[in-house]
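A.B. asks: next one to model:
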Amino acid sequence: MTAQIVHVDEENRLLNGISAYVAEVSSAAGVGPESCTLDLDRPMSAYIALDGQLAAYPGRDTALVWDERHGWSFTVETHSGEDLLVVAYLGGERVPPPSAVREFLRTVRARTRRSEPPTPPGLRSDRTDVIARLLGYWSPQLSPGR
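C.D. replies: So this is what the prediction gives:
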């Protein structure tokens, strides 16, 4: 296994980029940043706890989950503490605009019936592109202390 060296400044910029992106998505989804968690490990991921439930899954909490491989998915919690149940994938691109995630959320919430588990999308972009897109959501000029 080859160790990856990440400089502190690069990791800090990445954390700022993904934080800004997820904050915009959470706002588009109608929840605040307190509903979000981030993970910079490979694959990078984010979790946004949502308000409300799906009619097809009563009594189960819902969330948006993002990872750098598959982009955004809409998930429901299981009753047994197992992995989240993926209800739908947004597809298209790995770092879509927050407005696209909001429309995806509306579409999934309108569903009234369960469907077969979806297949993860095969999205085409490399990690460098994903990181560049995330960094595009962060402006160093707007950061505190700069």
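
A.B. asks: longest helix in the protein, by residue count?
C.D. replies: When every helix of the chain is counted residue by residue (DSSP state H), the longest turns out to be helix 8-28.

A.B. asks: list the buried residues in it.
C.D. replies: 13-14, 16-26, 28 (16 or more other C-beta atoms under 10 Å). For every residue, glycine as well, the C-beta is placed using N, CA and C.

A.B. asks: how about the residue minimising distance to the centre of the chain: what's its closest non-neighbour residue?
C.D. replies: Residue closest to the mean C-alpha point of the chain, counted by C-alpha atoms, centre = their mean, is Trp66 at 2.6 Å. Counting by C-beta to C-beta, 6 or more residues apart in numbering, Trp66 lies nearest to Ala46, which is 4.4 Å off, once chain neighbours are set aside.

A.B. asks: and what of Glu11?
C.D. replies: Nearest to Glu11 is Leu40, by C-beta to C-beta, 6+ apart, at 6.8 Å.

A.B. asks: any idea how far the one you found lies from Leu14?
C.D. replies: 6 Å (C-beta to C-beta, to the nearest Å).

A.B. asks: any regions of the chain where pLDDT drops low?
C.D. replies: For the chain, residues meeting the criterion pLDDT under 70 lie at 1-8, 141-146.

A.B. asks: and stretch 28-40, end to end?
C.D. replies: Taking C-alpha to C-alpha, to the nearest Å, stretch 28-40 runs 22 Å from one end to the other.

A.B. asks: other residues contacting that stretch?
C.D. replies: 11, 14-15, 18-19, 22-23, 26, 44-51, 64, 98-99, 101-102, 105 (C-beta atoms under 8 Å, 6 or more residues apart in numbering).
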